[in-house]
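*Asks:* fold the stuff below for me.
(chains A, B, C and D)
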There are 2 protein chains.
Amino acid sequence: MALAQAIMTSLLDADLSGSELARDFEKSMGFFWQSTHQQIYQELRKLADKGWLNKREVNQSGKPNKNVYGLTLAGREALADWVFGPTKVQPTKDELLLKLYNLSDDNVEHVIGEITHRREEVMQRLYLYEAIRRRHYDDPGSLPVRHKGVYLALASGIHQGEQFLSWCDEALTLLATVTGSAGH
Amino acid sequence: MALAQAIMTSLLDADLSGSELARDFEKSMGFFWQSTHQQIYQELRKLADKGWLNKREVNQSGKPNKNVYGLTLAGREALADWVFGPTKVQPTKDELLLKLYNLSDDNVEHVIGEITHRREEVMQRLYLYEAIRRRHYDDPGSLPVRHKGVYLALASGIHQGEQFLSWCDEALTLLATVTGSAGH
DNA sequence: ACTAACATGTAACCCGTTACATGATTAT
DNA sequence: ATAATCATGTAACGGGTTACATGTTAGT
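*Replies:* Just a heads-up that it's a prediction; the model follows:
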């Protein structure tokens, strides 16, 4: 969808290799944009062909060489222009909601289990996000412009997490009445 | 991803044709599961081939005939079993967050515009959701089990909408300081 | 006859996922 | 030598999107 821009964005601050990018896409950038190394290597080649990235080989001691990519001037310009274009959104597809449409006495318990599990996962992630916020974005108002933007992306994740927790609580409360009154 | 189950779920209450399903996937079911008519027709054929749906032609007065599909017993069972399987989630990919990572003095105004626009859209959808809640799900506790699930899916959309609005407010407040202090 | 809406499709393409492959380096 | 990790890829498949195609009925 916009993997090209996600990669280029990752390269704004530092030049990175394919594997380093892939790791990024499991952490910072990956918080809201997932991808695999296979896809990334493909896209890197396309972007280099387009002249938006340049590639240089770097010798590493104790590890195989890596190909490090950096934004070219054309790449920076293309990225800057992209911001003014149309914004695509790919809404969440969560099979849990589909399952809820199929709720029955037979599966309430199981669904409750799933919600509980997901609540736990989201809580973990929230802890992480909050830690990052406390460490790096304590006073958003005083940040330089671009970092304000990065902070807002993080804030979006935090809001979403909190929202999900509160939804889980509502759901678990409501579903408890089902198992509670209907018996087993 | 799980289009098959989304379709079968839509057929739980009533038999529907391809075009009727497509319309559903722009309204009720479409609130959290999008699809196009092309995909739907394809999937319907697959499901019929599998024996999970049956097909019958229905004459309509004033319109071309339609092929109406209904769940077979095997289909209902497959759907019921599916609930106990693994749950896939495809998280949102929102280019707006990517754009925020690229925030600069040059594009703040534009980004503010985009956020404002999105806020409006989400607000509209929230009104719709709230209207549905008030009309059909005023007292969730007293609903039959399955409808409790459907309500929770709706509630999820409402929570998400509210979360987004509050995020927008935080974002717009923070970004106002940029244009405000930096001038134009 | 012509247009518009309805219903059903086919085909090409793009993107993402999964599975598999290869070479380099270090540690045992 | 062998195993483990790192870095980089290729190939096949599947799902989803976009564009295009075809027939039916009603209204003018």
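*Asks:* make it CA atoms for all contacts and neighbour counts henceforth
*Replies:* Fine.
*Asks:* residues contacting the closest residue to DNA strand C within chain A?
*Replies:* Going by Cα to the nearest atom of the strand, DNA strand C is nearest to residue A:62 of chain A, at 2.3 Å. Applying Cα atoms under 8 Å, 6 or more residues apart in numbering or on different chains to residue A:62 gives no contacts.
*Asks:* same check, this time on the one 3 residues further on
*Replies:* Contact partners of residue A:65, counting by Cα under 8 Å, 6+ apart, are A:57, A:58, A:59.
*Asks:* how about 6 Å then?
*Replies:* Listed by Cα atoms under 6 Å, 6 or more residues apart in numbering or on different chains, the contact set of residue A:65 reads A:58, A:59.
*Asks:* the one 10 residues further on too?
*Replies:* Neighbouring residues of residue A:75 by Cα under 6 Å, 6+ apart: residue A:52.
*Asks:* domain-wise, how is chain A divided?
*Replies:* Annotated domains of chain A cover A:3-82, A:95-182 [automatic domain parsing].
*Asks:* and the residue of chain A closest to DNA strand C, that's in a helix?
*Replies:* No. Assigned with DSSP: H, G, I helix; E, B strand; the rest coil, residue A:62 falls outside any helix and is coil.
*Asks:* for it, phi and psi?
*Replies:* Main-chain dihedrals, residue A:62, degrees, to the nearest 10: phi 90, psi 0.
*Asks:* what do you get for residue A:25?
*Replies:* Dihedral angles (degrees, to the nearest 10) for residue A:25: phi -80, psi 10.
*Asks:* give the contact list for it.
*Replies:* Counting by Cα under 6 Å, 6+ apart, residue A:25 has contacts residue A:34.
*Asks:* enumerate the residues of chain A near DNA strand D.
*Replies:* With Cα under 7 Å from any atom of the strand as the criterion, chain A meets DNA strand D at residues A:17-20, A:37-38, A:41-42, A:63-68.
*Asks:* make TSV out of those residues and add secondary structure and pLDDT.
*Replies:* TSV is the format used below for the residues of chain A next to DNA strand D (DSSP: H, G, I helix; E, B strand; the rest coil; pLDDT from 0 to 100):
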residue	secondary structure	pLDDT
A:17	strand	98
A:18	helix	98
A:19	helix	97
A:20	helix	97
A:37	helix	98
A:38	helix	98
A:41	helix	98
A:42	helix	98
A:63	coil	91
A:64	coil	91
A:65	coil	95
A:66	strand	97
A:67	strand	98
A:68	strand	98
